[in-house]
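Enquirer: need the 3D shape of this:
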Amino acid sequence: MGLKWDQAEEIAEVLAENHPGINPLDVRFTDLRQWVIDLDEFDDDPGSSTEGKLEAIQMAWTELYREQNEDDE
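Expert: Numbering: from 1, shown residues only. Coordinates of the predicted model:
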């Protein structure tokens, strides 16, 4: 069973692996949406994304990014 839009933390983990070093706050929602849709693990209706779902993914990814880069601060 693949990833769905409401699985923000799981999607964020895969995005962090696929795009290391990228600050998620620098990613436009249009790009973020496409990156999620392009994931091999993604299995949901691309048209059912919302700004709220994308924001939840971005915030979960931001948390991971900060944890992974806290030594650099």
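Enquirer: centre-most residue in this structure?
Expert: For the chain, the residue nearest the mean C-alpha position is Ala12 (3.8 Å; C-alpha atoms, centre = their mean).
Enquirer: list the contacts for that residue?
Expert: By C-beta atoms under 8 Å, 6 or more residues apart in numbering, the contact set of Ala12 is 24, 57, 60-61, 63-64. All C-beta atoms are positioned from the backbone trio N, CA, C, and that covers glycine.
Enquirer: in TSV, list the residues you listed along with pLDDT and secondary structure.
Expert: Listed next are the contacts of Ala12 as TSV, based on pLDDT from 0 to 100; DSSP: H, G, I helix; E, B strand; the rest coil:
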residue	pLDDT	secondary structure
Pro24	97	helix
Ile57	98	helix
Ala60	98	helix
Trp61	98	helix
Glu63	97	helix
Leu64	95	helix
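Enquirer: ranking those by neighbours, who comes first?
Expert: Counting neighbours by other C-beta atoms under 10 Å, Ile57 comes out on top of the contacts of Ala12 with 27 neighbours.
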